[in-house]
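> Everything below, folded, please.
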Amino acid sequence: MTVVSRNEEYSFTEPNRRSVTVAPGDLGENLPTSGVDLLALPVGTLLHLGDEAVVEVTGLRNPCLQIDNFQDGLLKRVAGRGETGRIVRKAGIMGIVTVGGLRPGDPIEVELSVGPHRALECV
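Next up is the predicted model:
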């Protein structure tokens with residue numbers, strides 16, 4: 001499995017506004033991204049990376065307490081409770097590499113899954 005993080009929205013920008021310096025890869029993500037609303041994608045979405053690589057989206061990344069080892073209190077910034085009391089995870093998504101061949105800087109093309117939209121859950 002690989003971790004895809006929401007580079008611009010949570011993993012880096014939001015903590016940086018609170019004086020936390022987080023660089024790509026610091027929180028264990030394999031593929032920092034920007035410009036894709038990863039958390040809104042349904043299960044089974046295919047991310048086409050560059051000319052060859054494909055990652056199938058399987059669910060939400062569940063940030064663990066180890067994130068606080070990087071910076072105390074960071075876990076609360078990437079996971080918390082929404083207005084309804086449900087846990088909201090903002091640390092990225094998980095996926096399975098179905099075809100390899102990714103190179104730094106490759107573009108991402110999103111291919112939504114067929115059928116009813118199944119929201120991502122923690123995996």
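
> ok, how many other residues are close to Leu27?
Neighbours of Leu27 under the rule other Cβ atoms under 10 Å: 24. Bear in mind the C-beta positions are built from the backbone N, C-alpha and C, glycine included.

> Ok, Ala79 next?
Neighbour number of Ala79 under other Cβ under 10 Å is 20.

> next SSE after the helix or strand of the chain with the lowest mean pLDDT?
One helix or strand of the chain scores below all others by mean pLDDT, DSSP states H and E: helix 13-16, with a mean of 48. Going down the chain from helix 13-16, the next helix or strand is strand 31-33, by DSSP states H and E.

> quick one: the most centrally placed residue in the chain from Leu120, how far?
By Cα atoms, centre = their mean, the chain has its centre lying nearest to Gly92, at 1.9 Å. Gly92 sits 10 Å away from Leu120, going by Cβ to Cβ, to the nearest Å.

> overlap in contacts of those two?
Common neighbours of Gly92 and Leu120, using Cβ atoms under 8 Å, 6 or more residues apart in numbering, are Leu60.

> Where does pLDDT dip in the protein?
For the chain, applying pLDDT under 70 flags the ranges 1-22, 24.

> Helices of that one, residue ranges please.
13-16, 67-70, 74-78 (DSSP state H).

> helices and strands around the longest one, which ones?
Applying 3 or more Cβ pairs under 8 Å, 6 or more residues apart in numbering; DSSP states H and E, one finds that helix 74-78 contacts helix 13-16, helix 67-70.
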